[in-house]
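What would the 3D arrangement of this be:
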Amino acid sequence: MIQFINLTKTFTLEGVSKTVANNVSLTIPSRTSVALLGRNGAGKSTLLKMIAGTQSPSSGEIRITGSVSWPVGFAGSFHPDLSGAQNTRYVARLYGVDSDELVAFTADFAELGKHFNLPIRTYSSGMVSRLAFGVSMGISFDTYLVDEVTAVGDVSFRKKSNDLFLERMHNSGSIVVNHSVAVIRQLCNAAIVLEDGVLSYFEDIEEAITAHNRNMGTT
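All right, here's what the predicted structure looks like:
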C-alpha cells in the first residue's frame, strides 16, 4: 500500500512554477496495477521518482508498506566501464539477492549474447534498456514502478516483457506510465489521472481513460 498524505510538489523550471501535486491525500491499494495518466509535462515521472525516493516532496509525505522498485528499466546507476554481468552483480549485492540467480535470469531475458560480458559503454540504447528491464524484473518487489519500459525492443521482446510483467502482477502491484491505451488496458486494472496538480483515483480503468481523454480534449 502507498499513501500520499497532504502531498505537495512544486518546482521552478526556467522561471516558470510547476505544481505536480497540490495537497494530495490518496491511497493506492496493495497488489493493484495502477496506470498513471496525464498529459505530457503533468509530472508523471516526477511522481514516480518521489515514490521511489529519488526526489523529495515540497511538503507532506509518502508512506509505503512493503518494498518498492526503482523505476523499472532505469539505467542511470549502471557503470559504463563495467559489463552487463558486473553491473547486474552489483545491483544484486545492493538489494541483497542471490547474484548468480539474478545474473542467470538477466542474461537469459535480455538476450544480449556475448555483449552481456562487455562494457555498458559499448551498448546501444536499446541494449541498455533490455538489460535494465531484465535486472529490474529479476528482483521481487511488492510494487513495481514502470515508466514506458515495456515499449523497448522489437515486437517479440515487447510481448515477452508484457508477459513477464503480467506474471509478476500475480503477487505484486505496480504504478505504470505508458502512452499506449492498449498497453494500459492490458497491464492495469485501476488508474490515477493527474491534471493540474490534482490526482484522481479510479477503480474502473475505462472511466479513467474517459476522464483523461476529456482533459486532453479528445472526447
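
Show me where this protein dips below the pLDDT cut-off.
Where the chain drops to pLDDT under 70, the residues are 73-76, 149-153, 219.

quick one: the helices in it?
Taking DSSP state H as the criterion, the chain carries its helices at 44-52, 84-95, 99-110, 125-137, 155-168, 181-187, 205-216.

What count of nearby residues applies to the nearest residue to residue 91 once chain neighbours are set aside?
Excluding the flanking residues, the one nearest residue 91 by CB to CB, 6 or more residues apart in numbering is residue 135, at 5.4 Å. All C-beta spots, glycine's among them, are computed from the backbone N, C-alpha and C. Using other CB atoms under 10 Å, residue 135 is surrounded by 29 other residues.

And for residue 126, the neighbour number?
12.

mind checking how far it is from residue 158?
According to CB to CB, to the nearest Å, residue 126 stands 11 Å off from residue 158.

And residue 41, by the same measure?
Computed with CB to CB, the distance linking residue 41 and residue 158 is 25 Å.

higher neighbour count, these two?
For residue 41 versus residue 158, neighbours defined as other CB under 10 Å are more numerous around residue 158 (14 against 11).

picking up where we left off before, let me have the helices of the chain in CSV, extended by distance to residue 66.
Output for the helices of the chain, formatted as CSV (distance: least, CB to CB, whole Å):
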stretch, distance to residue 66
helix 44-52, 12
helix 84-95, 14
helix 99-110, 20
helix 125-137, 16
helix 155-168, 14
helix 181-187, 19
helix 205-216, 23
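
which one of those lies closest to residue 62?
helix 44-52 (6.1 Å; CB to CB).
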